[in-house]
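Enquirer: sequence first, predicted model second:
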Amino acid sequence: TNNRPYSQKNRLIIRASVLPDDPNWTPASMPILLSCEDPRVPGKPDAYTETYSIKVKINHVTIQGLKFLGNPTLNNMHGCVERIGKELDDLLIKQCIFIGDRYGAGIYAATLATGDRFVVEHCIFKGCAASAVYWDGLEEIGGRNCAMRYCIIDEAYMSGPWTCQTTEDFEFHNNIVANCEYFWIRKQGDCQKYKINKCVIIGNKHFSGYGTAAGPTSETGDEVSYEKVEVITNGTLEFDTNQKSRNYMHITKGSVGSELGAGIFMPRKD
């Protein structure tokens with residue numbers, strides 16, 4: 001937090017010195033953030049704790065090109081990037097990778113924010129509990145002009161997107177969400193109709209559900225619907241598992257969803 005006069009064009013930017021679109025970039029080039037904080041209360045070794053990699057308390061922030069791992073402390077709810085506060089606006093997270101291990105270094109909420117213009121794009125989430133949480137943790141704060149686009153979410157043991165009072169202008173397109181407990185979780189009572197455009201949704205145990213901070217509670221019913229445009233729900237996803245490959249963790253060419261442009265590489269501007 002600080003008092004500098006940031007604006008949409010004059011931003012606070014936290015980013016890798018070499019970004020994925022640079023010809024010299026490799027998967028091993030990404031700076032790694034690993035939380036080792038252990039805030040246990042003496043005498044309460046089994047109590048749940050919370051830790052964070054980056055806490056944002058100002059407007060107009062970009063976080064770009066970083067790899068986040070979880071926290072190895074047991075019974076810990078770790079958040080990689082969090083923004084909670086009144087009247088906060090304009091947080092962009094792009095070209096980042098979030099890798100969690102629920103049995104080792106867990107990530108509970110890879111990204112979480114209240115307020116407006118919370119945008120997550122061209123990111124990869126692997127093994128996190130929740131990927132992008134559009135929260136309303138303070139006085140029912142909803143989110144306007146929020147987005148999740150060109151992302152890959154795999155093996156989330158809660159959900160891909162998680163919305164809470166997020167307005168219906170929420171952009172959700174060109175994403176791949178696979179092998180998760182829930183494709184989408186929302187706050188109980190929220191019945192906004194969101195548009196899902198040009199996405200691959202495959203292998204998830206449940207499509208839509210309700211949840212609280214403690215996790216999913218139940219599936220949604222007929223009171224909730226989504227507008228689906230060009231959504232693929234069948235086929236086989238193939239991921240590049242070669243750690244020396246530039247496309248490591250991305251969808252292989254020719255696989256279902258490979259044409260969506262999801263992943264940490266930005267589209268070329270010819």
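Expert: Great, that's in hand.
Enquirer: list the contacts for K244?
Expert: 26-27 (CB atoms under 8 Å, 6 or more residues apart in numbering). Any C-beta I mention is one placed from the backbone N, CA and C, and that applies to glycine too.
Enquirer: mind checking which helix or strand it is in?
Expert: Under DSSP states H and E, no helix or strand contains K244.
Enquirer: any idea of the pLDDT on it?
Expert: Per-residue pLDDT puts K244 at 90.
Enquirer: skipping its backbone neighbours, what lies nearest I232 in space?
Expert: V200 (4.6 Å; CB to CB, 6 or more residues apart in numbering).
Enquirer: how many residues are close by that neighbour?
Expert: Neighbourhood size, V200 [other CB atoms under 10 Å]: 26.
Enquirer: phi first, then psi, for it.
Expert: As for V200, its main-chain torsions (degrees, to the nearest 10) stand at phi -110, psi 120.
Enquirer: surely it is in contact with K228?
Expert: No: applying CB atoms under 8 Å, one finds V200 not in contact with K228, separated by 11.9 Å.
Enquirer: would you mind measuring from N75 to Y226?
Expert: Separation of N75 from Y226 (CB to CB, to the nearest Å): 34 Å.
Enquirer: wait, what's in contact with the residue nearest to N75 when sequence neighbours are not counted?
Expert: Once flanking residues are discounted, N75 sits nearest to Y48: 5.1 Å by CB to CB, 6+ apart. By CB under 8 Å, 6+ apart, the contact list for Y48 reads 75-77.
Enquirer: also Y182?
Expert: Taking CB under 8 Å, 6+ apart as the test, what Y182 contacts is 158-160, 204-209, 211, 216.
Enquirer: ranking the contacts of Y48 by neighbours, who comes first?
Expert: Top of those by neighbour count (other CB under 10 Å): N76, with 21 neighbours.
Enquirer: tell me, what's the model's pLDDT at the residue found closest to that residue once you drop the neighbours it is linked to in the chain?
Expert: Leaving aside its sequence neighbours, N76 sits nearest to T49 (CB to CB, 6+ apart; 5.0 Å). Here, the pLDDT recorded for T49 equals 91.
Enquirer: test my guess that E155 contacts A129.
Expert: No: the pair E155 and A129 fails to qualify as a contact (CB under 8 Å) at a distance of 10.4 Å.
Enquirer: those two: which has the busier surroundings?
Expert: A129 (25 against 15).
Enquirer: that one: what's it in contact with?
Expert: Counting by CB under 8 Å, 6+ apart, A129 has contacts 100, 102, 106-109, 156-158, 215.
Enquirer: which one is H173 nearest to, not counting chain neighbours?
Expert: Closest to H173 by CB to CB, 6+ apart is N197, at 3.9 Å.
Enquirer: then M266?
Expert: D21 (5.4 Å).
Enquirer: gap between the one you found and S7?
Expert: In this view, D21 and S7 are 25 Å apart by CB to CB.
Enquirer: more neighbours, those two?
Expert: D21 (14 against 9).
Enquirer: would you agree that one is in contact with P267?
Expert: No: assessed by CB under 8 Å, D21 is found out of contact with P267, at 9.5 Å.
Enquirer: which parts of the helix or strand harbouring T111 are buried?
Expert: Element membership for T111, per DSSP H and E: strand 109-113. The neighbour-count check on strand 109-113 (16 or more other CB atoms under 10 Å) flags 109-113 as buried.
Enquirer: which strands and helices lie in contact with that strand?
Expert: Where contact means 3 or more CB pairs under 8 Å, 6 or more residues apart in numbering; DSSP states H and E, strand 109-113 is packed against strand 76-83, strand 130-134.
Enquirer: let me know the angle separating that strand from strand 130-134.
Expert: 10 degrees (axes from the mean of the first three to the mean of the last three CA atoms, to 10 degrees).
Enquirer: look at N75 and report its pLDDT.
Expert: 89.
Enquirer: from V81, how far off is it?
Expert: From N75 to V81 the distance is 21 Å (CB to CB).
Enquirer: likewise R117?
Expert: If you go by CB to CB, the gap between R117 and V81 works out to 14 Å.
Enquirer: G203 reaches I176, doesn't it?
Expert: No: assessed by CB under 8 Å, G203 is found out of contact with I176, at 10.5 Å.
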